[in-house]
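*Asks:* Sequence first, predicted coordinates after that:
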Amino acid sequence: MKLPKELKAAILNQARAEIPYECCGLIASNQGIVQYFPCKNLSTEPKESFALGGYDRVEDENDEILALVHSHPGHSIEFSPLDISACEESGVPWIVVDPISESWGYLDPFLTLHKIEVT
């Protein structure tokens with residue numbers, strides 16, 4: 001997946017602002033315009049996991065959700081078994097970023113791990 005610099009910057013800004021907690025958000029398309037929508041992490045353990053909050057406005061106002069994004073601040077960008085299962089269930093690709101090392105990972109719902117390219 002190619003991630004435009006503008007989206008990468010928006011994701012990194014949110015991820016850095018929320019350190020030491022995991023951030024989360026959605027990449028969505030509305031009439032051909034792709035945007036990043038930061039969401040709230042509603043997890044009771046936000047240093048270890050995320051629970052996506054506020055995504056209903058994204059679903060209501062956009063044509064298509066293209067990817068789910070979350071961060072692993074200071075951790076590996078490896079997807080946990082729970083991430084892999086949830087990605088498969090969601091049917092959309094997942095992106096993970098470590099805002100400290102600026103490492104990126106991508107997982108499609110068919111359980112194929114990819115690297116992110118920045119254009």
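*Replies:* On my side now, so go ahead.
*Asks:* which of the residues in stretch 52-69 are buried?
*Replies:* Neighbour-count burial for stretch 52-69 flags 52, 55, 58, 62, 65-69 (criterion: 16 or more other Cβ atoms under 10 Å). (C-beta placed from N, C-alpha, C; glycine too.)
*Asks:* give me the number of residues near the closest residue to Leu107 other than its chain neighbours?
*Replies:* Nearest residue to Leu107, sequence neighbours excluded (Cβ to Cβ, 6 or more residues apart in numbering): Trp94, at 4.6 Å. Neighbour count of Trp94, defined by other Cβ atoms under 10 Å: 20.
*Asks:* in what helix or strand does Leu68 lie?
*Replies:* strand 64-71 (DSSP states H and E).
*Asks:* Name the spans of the chain whose pLDDT lies under the cut-off.
*Replies:* Counting by pLDDT under 70, the chain contains low-confidence residues at 1, 59, 61-62, 111-119.
*Asks:* just to revisit the earlier point, what residues are up against the residue nearest to Leu107?
*Replies:* Counting by Cβ atoms under 8 Å, 6 or more residues apart in numbering, Trp94 makes contact with 67-70, 79, 83, 86-87, 106-107.
*Asks:* Cheers, nothing more for now.
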